[in-house]
Every structure is written in structure tokens, then in C-alpha cells.
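Trainee: no sequence for this one, just the structure:
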């Protein structure tokens, strides 16, 4: 381990951790402490909680059907102030090409916004082919929605529906998560 990136509430423990590495004869990693992701709670900001907030769990996004790429795009968006401009200039680039910089992170803690996440997910899914939308929604439905799975059994028909306004200059952006597919 060369780098440890963790919440700023751990800042006061750095001297103890460095001393432990020194005493054991190990090379200490580099530490970076970041502000936590915040959540709007009835007009007040508070830290996103693993215990109280379902959005803090990776499984939550899988269960509602948000593609992992959309979650990664969103997290980069709130974590690094230059990502949104980079994405506009590099629409089709892989996110691994983005030069993530710790000094471009919010010092006060980014505010979690589910509406923004859904908007990003719509953009991500709009770039999928009809086949990719079909496969992803079917795989999600097999695990979470048997009725939708049954609806998707006619693959030819589903591909025609998913192909509407897909792959053109202004692709449709009506699906933010695989759980939206049934109603659409």
C-alpha cells in the first residue's frame, strides 16, 4: 500500500499511525484526507451515513439498476472540480483517461444529489446500443424484477423498442436506471 485516502475525521490519528509504521520498521504510506460526501437533510447538510443512508452502499445502485459506469462518472463529477469540463471536451473517452487530482477536490465536502446522478445515468445509457440496453436490463430483471424479465423474452421486439432514437445525434434519454425500463 503506497497511498491511504480517507475521511478527514482520521487526520488526528496520522501521528499514531506513522509511529506504528516507524516502530515496526515499515515504510509508511502517503496519507491524504478528504472531506466526506454530504447529504441535504431537511435543509441541513450532514455527512452521508453508512448506517442511515441507503445511497452510501454500493448494493443500493445495483438494486435500483444504475449502471456502475454512471455511478463512477457521478462520483468523479462530485469529487474533482475539473471532471465535468474534461467530460464535455472528451465525450467518448474512457474515464480512466481523466487525470484525477486530489488538490481539485472540494475542501468542504461535495453534496450528494440523486437528481444529478440520474441525469448522468441517462447520458451514460443513451450511449449504449440497443443490444447493450437489452442485455443490461435483462440481467438486472433476472435478479430484481421477474415481470420485466418476462416482458423482455421477445428479444426482437425489445431490440426494436430500445433502438428507437438510439445511435443518432440526439439519442433518447428516458432511462436512468434499469428499473425505468418497464414503464418505458
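Mentor: Right, received. Where do you want to start? Being a predicted model, the structure only gives us computed values, none of them experimental. Numbering: from 1, shown residues only.
Trainee: could you check how far the closest residue to residue 58 other than its chain neighbours is from residue 53?
Mentor: Distance criterion C-beta to C-beta, 6 or more residues apart in numbering; nearest residue to residue 58, sequence neighbours excluded, is residue 71 at 7.9 Å. The C-beta positions use only the backbone N, C-alpha and C, and glycine is treated the same way. Note on residue 71: its distance to residue 53, by C-beta to C-beta, to the nearest Å, is 15 Å.
Trainee: just checking, residue 142 touches residue 148?
Mentor: No - contact criterion C-beta atoms under 8 Å: residue 142 and residue 148 do not qualify, at 9.1 Å.
Trainee: between these two, which is the more surrounded one?
Mentor: Each of residue 142 and residue 148 has its neighbours counted (other C-beta atoms under 10 Å); residue 148 has more, 19 against 12.
Trainee: name the nearest residue to the more buried one, sequence neighbours excluded.
Mentor: residue 141 (3.9 Å).
Trainee: tell me how far the one you found lies from residue 163.
Mentor: From residue 141 to residue 163 the distance is 18 Å (C-beta to C-beta).
Trainee: between those two, who's got more neighbours?
Mentor: Ranked by neighbour count (other C-beta under 10 Å), residue 141 and residue 163 place residue 141 first, with 21 against 15.
Trainee: in what helix or strand does that one lie?
Mentor: helix 130-144 (DSSP states H and E).
Trainee: now do the buried residues in that helix.
Mentor: Using 16 or more other C-beta atoms under 10 Å as the test for burial, helix 130-144 gives 130, 133, 134, 136, 137, 138, 140, 141.
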